[in-house]
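Engineer: return a 3D structure for these sequence lines:
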Amino acid sequence: MTFTPEQDALRETVCAVLERHSDPWKVLCEQVGVAGLAIPEAYGGLGCGLREAQVVAEELGRALSSAPFLGSAVLAAHAVLEAADETAARRLLPAIAHGAIATLAWTSADGAWSPDRAAVTAKDSTLDGSAHYVLDGDLADILLVIAETDGELGLFEVDPRQVRRIHSTTMDETRGLAVIELTGTTGTRIGTGDFRPALHRVRDIACAALAAEQAGAAARALDITVAYTKQREQFGRPIGGFQALKHRMADLYVLVETARSAAYAATQPDVDRARLAAVAKAYCTEAFSTVAAEMIQLHGGIAITWEHEAHRFFKRAHSATQLFGQPHHHLSRVVPDLG
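Structural biologist: Model prediction:
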C-alpha cells in the first residue's frame, strides 16, 4: 500500500483531531473538510476519491468514533452523486459538505441490504413503509429514502420532520442506528430511471469504506492487546513473553495487515471494484471479529467490564458484521456457488 503525502497528512490531521476532541465531527468538517471529501468542488466539496475516504474511515475506526461519517459523507453523499440530478446535487451536496448530517433509509428489518429491493414503497410522491438500521437516522438533517415504485427503485428526499424516527437501542453504543417510519409521507424524487444499478455502486463504495474502518479498529484492538500482554504477569513474567502468545500476536498482526491490504485494494485503478469491495467487506469483517475475540480472551475478566474498552471493540466488530450485508452474502458475489 502506498499513500500520497496529502493522504498521509490527512491521516495525521484526523488522528490529531480525534485525540484532542471527544466530539470531533464539527471540527473534522469545519477544519479538515472530511464531510466533503467525495463531493466535487463545484458543490462545495474537496473532490477527492474513495482512497481519501478510506483513510478517514480507518482512523475513525481506530478511535471507535461515533462521528456520522459513514452514513453521511459516504453513503448519502454518493447516493446523491449517483442519481445524477443536477438540481438535487446543488441543493443537497453543499449542505452535506459543510457538515449537515445526511442518511439513507433503505433496508427492512431482515437487514439484507439488498440493492435490488427496499423496505419502503412509493406511489407517485407518497411513501409508506419502515426502514431499519438507518445510520444516525434520528439525528439526520437530510433524509434520503430508497423506495420501490412502478417496478423499479427510486431515490427520494423526505423532510425528516414528516416521519417518525425511533432511535434503536443496540449492543454497540458507538454506532447510531434508527428506524424510520413513513405513513403517507410526501417525498421528492431525485433523478430518473431505476436506481438499482446506482445502489449497487453505492453499496460497494460503502463496503470499501467500512472495510477500512474495520481494519483500523482491528489494528487498534491488537495494539491494546499487545501492550496488555507486556504488562500482565503470570509465573513471575509478562504473559507476552510466552512463545505461544508470541505466535498468536504474530498471526493477528498478519491478519490485520492483510485486512488493510484487502480494504485499500478496492480503490486501485483498473480493477473490478465491485468484486474487490465484496472481498474487502468479507475479509475485514472476519479479521476484525477474530482480533476482537482474541482481545477479549487475552485480557481475561477485565475485558467484559464497563471500565475497560475491550468490550467496545468486540461489540463494534459484531455490529459491523451485519452492516451492508453479512460476509457470506458478499462471498457469494465472488464465488456464486457459495450462495
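Engineer: could you give the bridge partners of K123?
Structural biologist: Note on K123: beta-bridge partners T126, judged by DSSP bridges.
Engineer: any idea how far the nearest residue to D194 once chain neighbours are set aside is from L199?
Structural biologist: In space, D194 comes closest to E152 once its chain neighbours are excluded; the distance is 3.7 Å by C-beta to C-beta, 6 or more residues apart in numbering. Every residue, glycine included, has its C-beta placed from N, CA and C. From E152 across to L199, the span is 11 Å (C-beta to C-beta, to the nearest Å).
Engineer: same question for R237.
Structural biologist: Going from R237 to L199 by C-beta to C-beta gives 55 Å.
Engineer: between these two, which one's more packed in?
Structural biologist: L199 (23 against 9; other C-beta atoms under 10 Å).
Engineer: which ones are touching the residue nearest to D194?
Structural biologist: G193, D194, F195, R196 (C-beta atoms under 8 Å, 6 or more residues apart in numbering).
Engineer: now the first one, what's its secondary structure?
Structural biologist: Local secondary structure at G193 is given as coil here, using DSSP: H, G, I helix; E, B strand; the rest coil.
Engineer: what sits against it?
Structural biologist: Taking C-beta under 8 Å, 6+ apart as the criterion, G193 is in contact with E152.
Engineer: same thing but at 10 Å, please
Structural biologist: By C-beta atoms under 10 Å, 6 or more residues apart in numbering, G193 lies in contact with A83, A84, E152, L153, G154.
Engineer: from those residues, which would you call buried?
Structural biologist: A83, L153, G154 (16 or more other C-beta atoms under 10 Å).
Engineer: show me those that map onto helices.
Structural biologist: Among these, the ones falling in helices (DSSP state H) are A83.
Engineer: so which of the buried ones among the contacts of G193 is the closest to A77?
Structural biologist: Comparing the buried ones among the contacts of G193 against A77 with C-beta to C-beta places A83 closest, at 11.0 Å.
Engineer: quick check: buried residues in the lengthiest strand in the chain?
Structural biologist: Ranked by number of residues, the top strand in the chain under DSSP state E is strand 177-190. For strand 177-190, the neighbour count (16+ other C-beta under 10 Å) marks L177, A178, V179, I180, E181, L182, T185, G187, R189, I190 as buried.
Engineer: show me the shaky parts of the protein.
Structural biologist: Counting by pLDDT under 70, the chain has low-confidence residues at 232-236, 239-243, 270-271, 301-303, 337-339.
Engineer: and the strands in it?
Structural biologist: Here the chain has its strands, by DSSP E, at 102-105, 120-123, 126-135, 142-149, 152-158, 164-167, 177-190, 233-234, 237-238.
Engineer: which one of the ones you listed lies nearest to D272?
Structural biologist: Shortest distance between D272 and these, using C-beta to C-beta, is found for strand 152-158: 23.2 Å.
Engineer: run the angle between that closest one and strand 177-190 for me.
Structural biologist: 100 degrees (axes from the mean of the first three to the mean of the last three C-alpha atoms, to 10 degrees).
Engineer: adjacent strands (with direction) for strand 152-158?
Structural biologist: Here strand 152-158 has these sheet partners by DSSP bridges: strand 142-149 (antiparallel), strand 177-190 (antiparallel).
Engineer: can you check what angle separates it from strand 126-135?
Structural biologist: Taking the same axes, to 10 degrees, one finds that strand 152-158 is oriented at 80 degrees with respect to strand 126-135.
Engineer: please shift the residue numbers so they start at 20 in all later answers.
Structural biologist: Okay, using 20 as the starting number, the last item reads as strand 171-177.
Engineer: as PDB, could you dump the C-alpha coordinates of strand 171-177?
Structural biologist: Taking Å, rounded to 0.1, in the frame of the first residue of the first chain, the C-alpha atoms of strand 171-177 are listed here in PDB:
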ATOM      1  CA  GLU A 171     -38.200  -0.100 -10.100                       C
ATOM      2  CA  LEU A 172     -36.300   1.600  -7.200                       C
ATOM      3  CA  GLY A 173     -36.300   5.300  -6.800                       C
ATOM      4  CA  LEU A 174     -34.300   7.700  -4.600                       C
ATOM      5  CA  PHE A 175     -36.400  10.200  -2.700                       C
ATOM      6  CA  GLU A 176     -35.800  13.200  -0.500                       C
ATOM      7  CA  VAL A 177     -38.100  13.400   2.500                       C
END
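Engineer: tabulate the strands paired with strand 171-177 (CSV), appending distance to C226.
Structural biologist: Converted to CSV, these look like this (distance: least, C-beta to C-beta, whole Å):
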stretch, distance to C226
strand 161-168, 16
strand 196-209, 17
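Engineer: these: which one's closest to L154?
Structural biologist: strand 196-209 (6.5 Å).
Engineer: now do the closest one: distance to the chain's middle.
Structural biologist: 22 Å (C-alpha atoms, centre = their mean, to the nearest Å).
Engineer: distance of V51 from K45?
Structural biologist: 11 Å.
Engineer: got it, and H97?
Structural biologist: According to C-beta to C-beta, H97 stands 22 Å off from K45.
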